[in-house]
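Participant: next come a sequence and a model predicted from it.
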Amino acid sequence: MIGGGQLAQMMALAAMPLGLRVHALDPAVDACAGDVAPLEVAAFDDLAALHRFSDVCDVITFDFENVSAPALAELAALRPVRPNPLSLATAQDRAAEKALFARIGTAVAPFAVIDSREQIEAAASSVTFPAILKTRRFGYDGKGQINVPEAAALADACTRLGNAPCVLESRVRFQRELSIVAVRGLDGQMLCYPLVENLHVDGILSATLAPARVSDTMVAAARLCAERVAEALDYVGVFAIEFFDLNGVLVANEMAPRVHNSGHWSIEGAVTSQFENHMRAVTGLPLGDTAAVGVSCMLNWIGEMPDRAAALSVPGLHWHDYGKSARAGRKVGHATVTAADRQTLVDRLVLLAEKLERHAQIEPVLERLRAPH
């Protein structure tokens, strides 16, 4: 496992009952996965360390898309790397990612690529404003992004992002964000988890509702997109695609070539979690059932953990502490509240909001749950 964050930690925990042993590599000496698996401390592009690492592995995977794609390509000559380096390289580059969506017939927001200062004027004339400027690489959880209200502000926005290669996108007036987590096995079998609805605060995922209330047409469109992405990349493992819902039409935003925050609910809320299915897929085992069990709400804990005892007094709540130190904007844990039906889920979330005094985070979730279908 290249990368040792909370995703690696949860995959290592899911691997244990399957009789699989995980070995992790991460630059941080206190990486989360080190609590549950042997940890090698090394940079993601330290080829000597990666070669030593590969000697003790049968299969190599990763938990973070900002690892080195060239290094993975080199390791692929020594050991199976799943998902493959092409999948990682595509997801690392927003322009390549959008080109893939366009190639498979999935709609994306109008965009322009800016690789140099000379392209700024042409880009400004090819999209509508307000727009958002995103670095082509190394952006997540709202990082590497700037809102651009008008064309006259674009040059300054490029400067603020260090004149890095960027993608300029027209802002889409969407009703909500949806995402689908899918898994493709070594034998080509494809399974998808239900579409879920995501709520964000300051660019960071705050809550996920599973399953989302969506039409059969939207489910079919999301599944088709996932299947075509997986086939185009010869993908093996779990991945996620985020969509904007524009009045019932899905517009693809981005892909994550790994297990995904919006799939955390599946640990308790699905027959087989995304973490177990990723381990099954990359080791060539049969995939597990991805159906939801009842309804769930996953809540991210950002910055610091709330009161554990108070939270655990809520029926159906499942607690996940990543073992990280508190820090503003940092994902330090999550909880998933499960229930047999939506009204019971509402009641449990109301109770949780009262016990934790986290009304600002939970009230938007309750509004979505109470809204007419």
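Facilitator: Yep, that arrived. Numbering: from 1, shown residues only.

Participant: spit out the contact partners of the residue positioned nearest the centre of the chain.
Facilitator: Centroid-nearest residue in the chain, with Cα atoms, centre = their mean: residue 260, separated by 3.2 Å. Neighbour list for residue 260: 179, 181, 238-240, 274 [criterion: Cβ atoms under 8 Å, 6 or more residues apart in numbering]. (Each C-beta comes from the backbone N, C-alpha and C, glycine too.)

Participant: how does the protein divide into domains?
Facilitator: 6-81, 110-170, 176-370 (automatic domain parsing).

Participant: possible to save those domains as a markdown table with mean pLDDT and distance to residue 87?
Facilitator: Supplementary listing: those in a markdown table, determined by pLDDT from 0 to 100; distance: least, Cβ to Cβ, whole Å:
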| stretch | mean pLDDT | distance to residue 87 |
| --- | --- | --- |
| domain 6-81 | 95 | 9 |
| domain 110-170 | 90 | 15 |
| domain 176-370 | 97 | 4 |
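
Participant: would you list these in JSON lines and tack on distance to residue 100?
Facilitator: JSON lines is the format used below for the domains of the chain (distance: least, Cβ to Cβ, whole Å):
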{"stretch": "domain 6-81", "distance to residue 100": "14"}
{"stretch": "domain 110-170", "distance to residue 100": "13"}
{"stretch": "domain 176-370", "distance to residue 100": "6"}
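
Participant: indicate which one of those domains is closest to residue 99.
Facilitator: domain 110-170 (9.4 Å; Cβ to Cβ).

Participant: and that closest one, how far from the chain's centre?
Facilitator: Domain 110-170 sits 22 Å away from the centroid of its parent chain (Cα atoms, centre = their mean, to the nearest Å).

Participant: thinking again about what came up before, top of the contacts of residue 260 by neighbour count?
Facilitator: residue 238 (34 neighbours; other Cβ atoms under 10 Å).

Participant: which residues sit in contact with that residue?
Facilitator: Residue 238 touches 181-183, 258-260, 263, 274-275, 277-278, 281, counting by Cβ under 8 Å, 6+ apart.

Participant: determine the number of other residues adjacent to residue 281.
Facilitator: For residue 281, using other Cβ under 10 Å, the count is 26.

Participant: looking at this, it is in a helix?
Facilitator: Yes - counting by DSSP: H, G, I helix; E, B strand; the rest coil, residue 281 falls inside a helix.

Participant: contacts only, for it.
Facilitator: Counted by Cβ under 8 Å, 6+ apart, residue 281 has contacts 82, 183-186, 236-238, 287.

Participant: the same query, at a cut-off of 7 Å, please.
Facilitator: 183-186, 236-238, 287 (Cβ atoms under 7 Å, 6 or more residues apart in numbering).

Participant: where do the strands sit along the stretch 201-350 of the chain?
Facilitator: Taking DSSP state E, counting those that start in this stretch as the criterion, the stretch 201-350 of the chain carries its strands at 204-210, 237-246, 249-256, 295-302, 317-321, 331-339.

Participant: tabulate the contacts of residue 281 (JSON lines), appending distance to residue 111.
Facilitator: Output for the contacts of residue 281, formatted as JSON lines (distance: Cβ to Cβ, whole Å):
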{"residue": "183", "distance to residue 111": "28"}
{"residue": "184", "distance to residue 111": "27"}
{"residue": "185", "distance to residue 111": "33"}
{"residue": "186", "distance to residue 111": "34"}
{"residue": "236", "distance to residue 111": "29"}
{"residue": "237", "distance to residue 111": "27"}
{"residue": "238", "distance to residue 111": "26"}
{"residue": "287", "distance to residue 111": "34"}
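
Participant: who wins for neighbours among these?
Facilitator: Going by other Cβ under 10 Å, residue 238 tops these with 34 neighbours.

Participant: tell me, how many residues neighbour the residue lying closest to that residue once chain neighbours are set aside?
Facilitator: Excluding the flanking residues, the one nearest residue 238 by Cβ to Cβ, 6 or more residues apart in numbering is residue 278, at 4.1 Å. Other residues near residue 278 come to 29 when the count uses other Cβ under 10 Å.

Participant: pretty sure residue 278 is touching residue 10, no?
Facilitator: No - counting by Cβ atoms under 7 Å, residue 278 does not reach residue 10; the two are 9.6 Å apart.

Participant: enumerate every residue touching residue 158.
Facilitator: Residue 158 neighbours (Cβ under 7 Å, 6+ apart): 114, 117, 120, 133, 166.
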